[in-house]
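Peer 1: Just to be clear, the model below is a prediction. Sequence and coordinates:
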Amino acid sequence: MASSSRSHTSSKLPLKPIPGDCGLRFFGAISDRHDYFYRQGRDKFFSSRIRKYNSTVFRTNMPPGPFISSDPRVVAVLDAISFQILLDNSKVEKRNVLDGTFMPSTAFTGGYRVCAFLDTSEPSHALLKSFYLHLLASRHDSFIPLFSGCLSELFHELEDKFSEKGQVSFNTFNDKMSFDFVFRLLCGPNSDPKNTILGSNGPKLFQKWLAVQLAPLGTLGLPKIFDYLEDFLLRTLPFPAWIVKSDYKKLFDVFSTAASATLDEAERFGLKRDEACHNLIFMAGFNAYGGLKSQFPILMKWVGSAGGSLHKELADEIRTVVKAEGGITFAALEKMTLTKSVVYEVLRIEPAVPYQYAKAREDLVIQSHDAAFEIKKGEMIFGYQPLATKDPLVFVNPEVFVGHRFVGEGEKLLKYVYWSNARETEEPSKDDKQCPAKNLVVLLCRVMLVEFFLRYDTFTVEIGKSSSNLGASVTFTSLIKSSR
């Protein structure tokens with residue numbers, strides 16, 4: 001069966017030296033960087049080294065070094081077992097490693113190191129994370145109705161454009177919908193960004209703010225003759241925050257006013273209002289909007305590509321349960337076993353955030369399937385999640401999208417789904433680095449499928465690469481309305 005597990009790691013494995021050579025301090029980093037971005041590409045960069053060293057644990061350099069980062073050398077852990085060291089906060093530190101081997105200037109976030117860059121050992125981490133969890137819990141009852149309302153607007157806009165053009169870009173309208181949902185969730189359901197100085201530019205301001213910070217980790221998609229020029233421009237010096245200073249001030253001014261009730265709550269938690277607002281903007285823009293604008297196209301990419309047979313099964317399950325339950329409720333969503341499995345399979349096969357970094361708190365011994373390795377205190381550990389969650393020794397046919405993978409006995413494999421910076425079977429707390437909105441993301445993906453298949457029987461998609469190099473560009477090439 002495609003949902004069966006295939007591996008049980010022994011506790012008595014041979015201790016081996018970590019293979020791999022980072023090369024000369026400067027030239028080795030440049031060579032690996034060009035392999036990663038231009039000569040090989042991301043997936044081949046990792047898979048070729050796994051074959052070369054016959055190991056899923058090895059040493060390499062990761063971008064953007066050597067200029068912007070202090071040290072590009074990492075120990076890569078690329079299987080489902082070794083990857084788990086990145087989830088153990090008692091053994092690894094996650095101070096300033098959100099973006100990898102470099103950290104953007106705090107000038108992008110009002111001079112504060114926001115929660116995502118804090119380690120669990122820092123007192124302010126627990127305070128901020130507790131506030132996030134409280135905030136989400138207090139909005140719990142609004143999740144489904146608010147998101148359903150946003151989806152209704154999305155589908156109407158998609159249909160209008162589809163009827164005009166015969167096809168429609170999902171990403172364009174999804175970006176707007178995702179921003180509107182996040183804004184209304186954090187600022188109040190009656191808040192409308194269009195009634196602020198942001199107008200309809202909120203998504204663009206967030207995207208520009210994110211792009212300038214993360215530029216060293218991406219490419220521009222220029223012709224190959226410009227590879228060396230692009231690499232020099234993007235990864236020699238970090239872009240300064242003043243480029244987006246006025247844009248960020250607009251965001252800060254709007255959230256300071258529109259989210260005043262939320263900031264009042266933050267002050268009652270013991271947070272400084274200014275610090276809370278900068279953290280709220282980062283959570284809204286980087287974590288929430290940035291995540292959803294990538295996650296929903298990935299969801300529709302894989303479900304659309306799966307074909308009409310799966311669409312019929314999903315539509316039948318969704319419509320049957322919604323009719324029996326009298327609407328879209330938490331209880332109804334829990335009864336949709338196939339819908340739940342499909343969402344988990346999407347999160348497994350293409351996690352929206354593919355990278356994970358941490359530094360060893362102490363000298364460690366980690367294990368892969370077939371060997372053990374020593375990592376020294378302070379060494380950077382890097383995980384490329386799409387390889388860990390497509391480990392062929394854990395998942396049968398790991399490269400294949402299997403909608404039923406997590407139905408029934410397949411649920412036992414959820415402990416190998418790591419998209420939220422923890423196992424899917426675990427819940428976020430103030431003392432860990434798991435995404436505080438982990439359950440909300442899963443819920444929203446389910447609701448999107450439910451609302452979609454209440455309206456449509458089937459659809460087809462054309463897939464391209466997203467401009468951010470994360471996620472996918474999805475164009476609907478057919479939308480067949482429900483005949484029932």
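Peer 2: Okay, I see it.
Peer 1: thinking Ser191 is in contact with Val182, fair?
Peer 2: No. Applying CB atoms under 8 Å as the test, Ser191 and Val182 come out as separate, 10.7 Å apart. (Each C-beta comes from the backbone N, C-alpha and C, glycine too.)
Peer 1: Of those two, which one has the most company?
Peer 2: Val182 (25 against 19; other CB atoms under 10 Å).
Peer 1: List the contacts of the residue nearest to the more buried one when sequence neighbours are not counted.
Peer 2: Nearest-residue entry for Val182: Ala288, 4.5 Å, with adjacent residues in sequence omitted and distances by CB to CB, 6 or more residues apart in numbering. Residues near Ala288 by CB atoms under 8 Å, 6 or more residues apart in numbering: Ser178, Val182, Leu185, Leu186, Ala437.
Peer 1: Quick one: residues contacting the second one.
Peer 2: Yep, that's Val182 we're talking about. Ala284, Ala288, Tyr289, Leu292.
Peer 1: Next secondary structure element downstream of the helix or strand hosting it?
Peer 2: Here Val182 sits within helix 170-187, counting by DSSP states H and E. Using DSSP H and E, the helix or strand that follows helix 170-187 in sequence is helix 202-214.
Peer 1: which of the residues in that following helix are buried?
Peer 2: Using 16 or more other CB atoms under 10 Å as the test for burial, helix 202-214 gives Gly202, Pro203, Leu205, Phe206, Gln207, Trp209, Leu210, Val212, Gln213, Leu214.
Peer 1: Show me which of those residues is closest to Ile81.
Peer 2: Leu214 (29.5 Å; CB to CB).
Peer 1: Leaving out chain neighbours, which residue sits closest to the closest one?
Peer 2: Spatially, and ignoring its direct neighbours in sequence, Leu214 is nearest to Asp99 (6.6 Å; CB to CB, 6+ apart).
Peer 1: Do I have it right that that neighbour meets Ala215?
Peer 2: No. Counting by CB under 8 Å, Asp99 stays clear of Ala215, with 10.8 Å between them.
Peer 1: tell me the angle the helix ranked longest in the chain makes with helix 170-187.
Peer 2: What stands out as the longest helix in the chain, according to DSSP state H, is helix 143-165. Going by axes from the mean of the first three to the mean of the last three CA atoms, to 10 degrees, helix 143-165 is angled at 150 degrees with respect to helix 170-187.
Peer 1: What lies in contact with helix 143-165?
Peer 2: Residues from elsewhere that reach helix 143-165 (CB under 8 Å, 6+ apart): 168, 170, 173-174, 176-177, 180-181, 184-185, 189, 328-330, 440, 443-444, 447-448, 451-452, 455, 476, 479.
Peer 1: which among those residues end up buried?
Peer 2: With burial judged by 16+ other CB under 10 Å, the buried subset of these is 168, 170, 173-174, 176-177, 180-181, 184-185, 328, 440, 443-444, 447-448, 451-452, 476, 479.
Peer 1: buried set for stretch 254-272?
Peer 2: Residues Val254, Phe255, Ala258, Ala259, Thr262, Leu263, Glu265, Ala266, Leu271 are the ones in stretch 254-272 that count as buried (16+ other CB under 10 Å).
Peer 1: Apart from its chain neighbours, what residue comes closest to the fourth one?
Peer 2: What that stands for is Ala259. Using CB to CB, 6+ apart and skipping residues adjacent in sequence, the residue nearest Ala259 is Cys187, 4.5 Å away.
Peer 1: how deep is the one you found tucked in, by neighbour count?
Peer 2: Number of residues near Cys187 (other CB under 10 Å) recorded here: 22.
Peer 1: Run through the residues that contact it.
Peer 2: Residues near Cys187 by CB under 8 Å, 6+ apart: Phe255, Ala258, Ala259, Thr262.
Peer 1: Okay, and the last one sits in which element?
Peer 2: This points to Thr262. helix 260-268.
Peer 1: So what's the model's average confidence on that helix?
Peer 2: Helix 260-268 shows an average pLDDT of 96 in the prediction.
Peer 1: who touches it?
Peer 2: Here helix 260-268 makes contact (CB under 8 Å, 6+ apart) with Phe131, His134, Leu135, Ser138, Leu186, Cys187, Gly188, Ser256, Arg273, Ala276, Cys277, Leu280.
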